[in-house]
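Colleague: Need a 3D model of the sequence below.
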Amino acid sequence: MAIYMKRSGIRFPSLSLKKNCDTEPQRHLSPQALERCKSKTSAPRRIEMPNPIFEPDTRPIWRSMGFGWRRKCPNCGQGALFKNYLSVRPKCTVCRQDLFHHRADDGPAYLTILIVAHIMAPLLHFTFVTWRLEPLVMLSIFTVGCLALSLYLLPRLKGVIIAVQWARYMHGFGHEENARNSENT
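Modeller: Residues are numbered from 1 along each chain as shown. Reported below is the predicted structural model:
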């Protein structure tokens, strides 16, 4: 019979052959095992509980990433995510989702540099090899191009990172649902 012990919020299965429903403390049993003990009709058998680390997400990640790219709330997709160029609103104005939990930090800047460099470096090489423009002309063209692409990508990538954090319940996104569930019980 499987005994489920609770360690830091995660249940770990272990096998015990000598214990039964009469001698085993009821708090260590799974809900299915408790039901079996109450009915006493079925023979005890090992019940596998799903691993909470690999349970499927309930929030759609691709949909929320699309909302983040459009700089909208990852929950409803209607409210604005930013109040300024990169300042995130504390709450969504439409669905009241808390957004202050995000920890985007330097991630959007690193992704912006990575994408801009991988786009502009081959273009710079192609332009130089093909047309042999003057260095100052190339510098002015590619400086403007890098700045424009960076300013376009930075808020969108920050929105995507915040949306991924929301969809994966990272950094406090999801604690409000746990608080609501505990208030209802």
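Colleague: Please make it C-alpha for all contacts and neighbour counts, starting now.
Modeller: OK.
Colleague: which residue packs closest to K91, ignoring adjacent ones?
Modeller: Nearest non-adjacent residue to K91, counting by Cα to Cα, 6 or more residues apart in numbering: D98, 4.5 Å away.
Colleague: And the pLDDT at the one you found?
Modeller: pLDDT, D98: 93.
Colleague: ditto for A163
Modeller: pLDDT, A163: 96.
Colleague: One more: L17?
Modeller: Reported pLDDT for L17: 40.
Colleague: Please renumber the chain so that the first residue is 182 from this point on.
Modeller: Okay, using 182 as the starting number, the last item reads as L198.
Colleague: so how far is C273 from Y333?
Modeller: Using Cα to Cα, to the nearest Å, Y333 is found at 22 Å from C273.
Colleague: what comes up buried for the helix or strand where R337 lies?
Modeller: Assigned by DSSP states H and E, R337 belongs to helix 316-348. Of the residues in helix 316-348, 323, 327, 330-331, 334-348 count as buried by neighbour count, 16 or more other Cα atoms under 10 Å.
Colleague: Could you do stretch 308-317 as well?
Modeller: Per 16+ other Cα under 10 Å, stretch 308-317 contains no buried residues.
Colleague: What average pLDDT does it get?
Modeller: For stretch 308-317, the mean confidence score works out to 95.
Colleague: got it, and stretch 283-294?
Modeller: For stretch 283-294, the mean per-residue pLDDT is 95.
Colleague: tally of neighbours for A290?
Modeller: Using other Cα atoms under 10 Å, A290 has 17 other residues around it.
Colleague: quick one: low-confidence ranges for this protein?
Modeller: Scanning the chain for pLDDT under 70 picks out 182-238, 356-366.
Colleague: for it, what spans make up the strands?
Modeller: In the chain, the segments counted as strands under DSSP state E are 183-188, 191-196.
Colleague: how about P271, what does it touch?
Modeller: Going by Cα atoms under 8 Å, 6 or more residues apart in numbering, P271 touches D279, L280, F281.
Colleague: how far away is F354 from F281?
Modeller: 9 Å.
Colleague: the more surrounded of these two?
Modeller: F354 (19 against 15).
Colleague: any idea how far Q278 is from that one?
Modeller: Counting by Cα to Cα, the gap from F354 to Q278 is 9 Å.
Colleague: Break the protein into its domains for me.
Modeller: 183-235, 242-365 (automatic domain parsing).
Colleague: Was I right to think A344 contacts K253?
Modeller: No. Contact criterion Cα atoms under 8 Å: A344 and K253 do not qualify, at 9.2 Å.
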